[in-house]
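Trainee: Here is my input, please return the structure:
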Amino acid sequence: MNQSLKSRYHLSVLIYHLCMMYSISSPNLLLHRTLRVRTLTFGLVLLVIPFLPASNLFFRVGFVIAERVLYLSTAGYCLILTYGVGLSYCLWRKHKKLLHTALLGLLCLNVARSAFRSQQWRSEQSLFTSALSVCPLNAKVHYNVGKNLADRGNQSAAIRYYREAVRLNPNYVHAMNNLGNILKERNELQEAEELLSKAVHIQPDFAAAWMNLGIVQNSLQKFGEAEQSYWNAIKFRRKYPDCYYNLGRLYADLNRHLDALNAWKNATMLKPDHSLAWNNMVILLDNTGNLAQAEMIGKEALKLLPNDHTIMFSLANVLGKLQKYKKESEGFFLNALKINPSAASCHGNLAVLYHRWGKLDLAKKHYEMSLKLDPNAPGTKENYNMLRRKLEQQQRKTIV
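Mentor: Next comes the predicted model:
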């Protein structure tokens, strides 16, 4: 709504309330037959006409419009009620106590209903669930309940509501997308692919569905189709860092290392704090032997994300391979452990660094901490046993 329309709206509301205040402050006017008819007509108009769009009889409207126009219907109801009470006092003066009792009962009923409705607004769960009893055939209501359940981690219940939303509205692409995502996480990839394919067929410019379809196709090893799906997503949403990140993962799986690096660079350009893209670049460069470049990328990433323990860990590994033990590699490992002290892999790799460095007591300490956190950590137990044998040999030499 622009400023001119807002001003007109506020002016009309002000005029309306001034007219109501004038009518209330002049009770004698209500005795005039013509004014009584006009008041009743005005109340009925306010009650009925704004309700028509919200009823969906002539055309469908969204929830926002429906809620706004229903406020006017409420004003019409209050005006007719006030008119009826005033007329009743004039006609049945002898039954004032009965009228007072009836009016008080109506007031208490509305207060109770308002209090009950306010309780339903205390949480998204209660609000969306309450809508099911009012609109059981509304697909969006089922979608909202499903989304709330999914956000709270109850995926099984969310699936039921998403399926019902799709059943009620077979073209509900957002419900298909969310349902496809959950099925993807549960490794039900075939059905997820079918749902997401249907969603992009119905709405070809649905970028999120294209990206999710690409993830599913990548998991199904349909690499060519996955790549095309990712590019379709980027076509319809040019600034899409998460899609570039997933495209980079696809290229990494295909050993197209340069393409993977370029995709992750695009992700970090669009979203400089994209931790996963930065970290994957460091790991890929480390794995391909480009240690100097990996060090440069890791330090650049930490300038933007100084408290990211995953990047610290990856950079520490690179510096350890470069034999930069003192201060640098050790420092990054220790800083990462300050942020995330329960990272078994970080304790294990720090132990390896101390082992190579000759600080055997510290190596033993961190091997033991790593195995305590993750007894099945790959390679850690073997390294720990090698260290113990070495320490035992040193003890024997000392005794001799």
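Trainee: Let me know whether Leu373 touches His347 as I believe.
Mentor: Yes. With contact defined as Cβ atoms under 8 Å, Leu373 reaches His347; the gap is 6.8 Å. The way it works is simple: take the backbone N, C-alpha and C, and place the C-beta from them, glycine included.
Trainee: Could you check which of the two is surrounded by more residues?
Mentor: His347 (25 against 17; other Cβ atoms under 10 Å).
Trainee: roughly how far apart are that one and Met386?
Mentor: When distance is defined by Cβ to Cβ, to the nearest Å, His347 is 17 Å away from Met386.
Trainee: same question, Leu258
Mentor: Leu258 is 38 Å from Met386, by Cβ to Cβ.
Trainee: do the same with Leu213
Mentor: For Leu213, the distance to Met386 equals 47 Å [Cβ to Cβ].
Trainee: do Trp210 as well
Mentor: Using Cβ to Cβ, Trp210 is found at 50 Å from Met386.
Trainee: same question, Asn266
Mentor: With distances taken as Cβ to Cβ, Asn266 is found 43 Å from Met386.
Trainee: Please pull up the helix or strand immediately following the helix or strand hosting Glu330.
Mentor: Per DSSP states H and E, Glu330 falls inside helix 330-339. Downstream of helix 330-339, the next assigned helix or strand under DSSP H and E is helix 344-357.
Trainee: Quick check: which helices or strands does that next one pack against?
Mentor: Counting by 3 or more Cβ pairs under 8 Å, 6 or more residues apart in numbering; DSSP states H and E, the packing neighbours recorded for helix 344-357 are helix 309-321, helix 330-339, helix 360-373, helix 380-399.
Trainee: Output the longest one as PDB, nothing but the C-alphas.
Mentor: Put plainly, it is helix 380-399. Coordinates of each C-alpha in helix 380-399 appear next as PDB, following Å, rounded to 0.1, in the frame of the first residue of the first chain:
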ATOM      1  CA  THR A 380      43.100 -43.500  16.200                       C
ATOM      2  CA  LYS A 381      43.300 -46.800  18.100                       C
ATOM      3  CA  GLU A 382      46.200 -48.000  15.800                       C
ATOM      4  CA  ASN A 383      48.100 -44.800  16.300                       C
ATOM      5  CA  TYR A 384      47.500 -45.000  20.100                       C
ATOM      6  CA  ASN A 385      48.800 -48.500  20.300                       C
ATOM      7  CA  MET A 386      51.900 -47.500  18.300                       C
ATOM      8  CA  LEU A 387      52.500 -44.700  20.800                       C
ATOM      9  CA  ARG A 388      52.100 -47.000  23.800                       C
ATOM     10  CA  ARG A 389      54.700 -49.400  22.300                       C
ATOM     11  CA  LYS A 390      57.100 -46.500  21.800                       C
ATOM     12  CA  LEU A 391      56.600 -45.300  25.400                       C
ATOM     13  CA  GLU A 392      57.100 -48.800  26.700                       C
ATOM     14  CA  GLN A 393      60.400 -49.100  24.800                       C
ATOM     15  CA  GLN A 394      61.600 -45.800  26.200                       C
ATOM     16  CA  GLN A 395      60.800 -47.000  29.700                       C
ATOM     17  CA  ARG A 396      62.700 -50.200  29.200                       C
ATOM     18  CA  LYS A 397      65.800 -48.300  28.000                       C
ATOM     19  CA  THR A 398      65.500 -46.000  31.000                       C
ATOM     20  CA  ILE A 399      65.400 -49.000  33.400                       C
END
